[in-house]
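Colleague: 3D model of this:
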Amino acid sequence: MKGLNDRQYVLNGLAAKESWRLFKIMAEFVEGFEELPKVYPAITIFGSTRISPQHPYYQKAEEIARLLAKEGFSVITGGGPGIMEAANKGAAEAGAYSVGLNIKLPREQQPNPYANIKLEFRYFFVRKVMMAKYAVGFMCLPGGYGTLDEFFEAVTLVQTHKIRPVPIVLVEKKFWQGLIDWLRERLLHEGMISEEDLDLFAVLDDPKEIVAYLKEKARAYKLLSRLEST
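Modeller: So this is what the prediction gives:
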């Protein structure tokens, strides 16, 4: 196992004397901005890397992505295994843009084979911009710290008006109920969020209902002009 002094911590390495790294960051932004406009409108899907193809969550993610593709949406994921692979598979097999935005990690995350548009990032913050910029909705299936980070970032961006309003869906009520109870019983009860903040996302289970909700909300927010003109 590598010691702390042997690891490469990306943010800690951004010393003033290493400002040349900014060009690497800029290059990642430029590549994304050049490659991804064609995938709009897209739904960005988050979820665990540790789910096997035999797991019901994998199968549900694949089904939802396939239904989204049939409605004219592209699908964006983090490009890895598990839920991301399932979503890329469903979209690709339905003939849609299936985008995988892979991240370079110390323990290498191999991109899944189902993304037909693949980009690789060293910096999480650049990758997050690309996940949000072309999305007209976010969908979170069960996952760990990374999925929680992505969910709360999406909610925060909408809450603080840093991005336009977009629908956000948590999939699998049984999995998420404990978190929702905590948000209500702690954050809401202690005045740290408002009741309206809990309305920034929906919790749904049925694939067809999820797709209908995402499309209805995206249309209500006037995000589907390109989709509806085809």
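Colleague: can you map out the helices along the chain?
Modeller: Taking DSSP state H, the helices of the chain run over residues 21-35, 56-70, 83-93, 124-133, 145-159, 173-182, 207-220, 225-228.
Colleague: How far does the first one sit from its chain's centre?
Modeller: To tie it back to what came earlier, the one meant is helix 21-35. Relative to its chain's centre, helix 21-35 lies at 19 Å (C-alpha atoms, centre = their mean, to the nearest Å).
Colleague: which of the helices of the chain is buried the deepest?
Modeller: Each of the helices of the chain was scored by mean neighbour count; the highest is helix 83-93, a mean of 28, by mean count of other C-beta atoms under 10 Å. In short, each C-beta sits where N, CA and C put it, glycine included.
Colleague: Alpha carbons of that one, in PDB - could you do that?
Modeller: This file holds the C-alpha atoms of helix 83-93, laid out as PDB (Å, rounded to 0.1, in the frame of the first residue of the first chain):
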ATOM      1  CA  ILE A  83     -25.100   1.300 -12.700                       C
ATOM      2  CA  MET A  84     -23.100   3.400 -15.200                       C
ATOM      3  CA  GLU A  85     -22.500   0.500 -17.400                       C
ATOM      4  CA  ALA A  86     -26.200  -0.500 -17.300                       C
ATOM      5  CA  ALA A  87     -27.300   2.900 -18.300                       C
ATOM      6  CA  ASN A  88     -24.800   3.200 -21.100                       C
ATOM      7  CA  LYS A  89     -25.900  -0.300 -22.300                       C
ATOM      8  CA  GLY A  90     -29.600   0.500 -22.400                       C
ATOM      9  CA  ALA A  91     -29.000   3.800 -24.200                       C
ATOM     10  CA  ALA A  92     -26.500   2.400 -26.800                       C
ATOM     11  CA  GLU A  93     -28.700  -0.600 -27.600                       C
END
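Colleague: Tell me how far I193 lies from L187.
Modeller: 5 Å (C-beta to C-beta, to the nearest Å).
Colleague: Kindly report the same for K162.
Modeller: From K162 to L187 the distance is 20 Å (C-beta to C-beta).
Colleague: When the two are compared, which one has more neighbours?
Modeller: L187 (14 against 10; other C-beta atoms under 10 Å).
Colleague: got a list of what the more buried one touches?
Modeller: L187 sits next to I193 when contact means C-beta atoms under 8 Å, 6 or more residues apart in numbering.
Colleague: check contacts around E93.
Modeller: R66, Y114 are the contacts of E93 under C-beta under 8 Å, 6+ apart.
Colleague: and the gap between it and F138?
Modeller: 22 Å.
Colleague: where does L187 land on pLDDT?
Modeller: Per-residue pLDDT puts L187 at 98.
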